[in-house]
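Below are the sequence and a predicted model for it; my questions follow.
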Amino acid sequence: MIFIGAREAKQIDILQASIRVFSKHGFDGAKMEYIAKEAGIGKGTVYEYFESKEHLFEEILKFSVREFHLGLKACMDQGETIEERLLNYSRYNVEFLNNHMDIFQIAMQVNILSQEIRMQLIAEREVICEQIIDLVKAAKAKGECRADLDEELATFCIMGTLDEFSKKRVFCNRSPLEEIDHQAIVVMVLKGLRGLLS
């Protein structure tokens, strides 16, 4: 169990309230007073933690990406085989995108992200890459994948395929989560990793 201090807990409360407000009002429509009201605090308290709405939005993105990384690791760790772990990845990815759709759509529309936050988001993505590389290495060691498989290339193929699959189903098709065929996409990925032609 991870213990956090009172200040960090309050910051997380503000971030979670902010996610709800940004999701409802968009970036331009979200006001600091709305966020304060949603968090049950005074507007001045929000400014004690976040100097501006732009800074707050950047922190939401960092918080969300970190939350995704930790949740994905926990979810994938529940699987035994590479197939189970990739199925967990696919399901978690779709569910997370579905639950955070508004924030990611706002992030794609606004052009406020500083170079520092861009670099932090890239670094967090690298952590996820390493996690998938470890998965591929373990699968190779257990004979679940081809022995000559390029681990980095396999990782990019896995992440790219599952991420695009998730985005298409969640953002474009707006598919009901229970109707998404995770097994089909995982079988397709595994055919490549195992070198099967059919």
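Yep, it's here.

Every contact and neighbour count from this point should use C-alpha atoms.
Noted.

for the protein, what spans make up the strands?
Using DSSP state E, the chain contains no strands.

can you tell me which helix in it is longest?
Of all the segments assigned as helix in the chain under DSSP state H, the longest by residue count is helix 115-141.

in that helix, what counts as buried?
117, 121, 124, 128-129, 131-133, 135-137, 139-140 (16 or more other CA atoms under 10 Å).

can you count the residues close to residue 164?
Residues contacting residue 164 under the criterion other CA atoms under 10 Å number 11.

How about residues contacting stretch 155-171?
90, 93-94, 97-98, 101, 129, 132-133, 136, 175, 180, 185, 189 (CA atoms under 8 Å, 6 or more residues apart in numbering).

Looking at these, which are in helices?
If you go by DSSP H, the contacts of stretch 155-171 have 90, 93-94, 97-98, 101, 129, 132-133, 136, 185, 189 in helices.

Show me which pair in those residues is furthest apart.
The span of these, defined through CA to CA, is set by 101 and 136 at 28.7 Å.

Show me which of the contacts of stretch 155-171 is closest to residue 41.
Nearest to residue 41 among the contacts of stretch 155-171 is residue 101, at 26.0 Å by CA to CA.

Residue 21 versus that closest one, what's the distance?
If you measure residue 101 against residue 21 using CA to CA, to the nearest Å, the figure is 13 Å.
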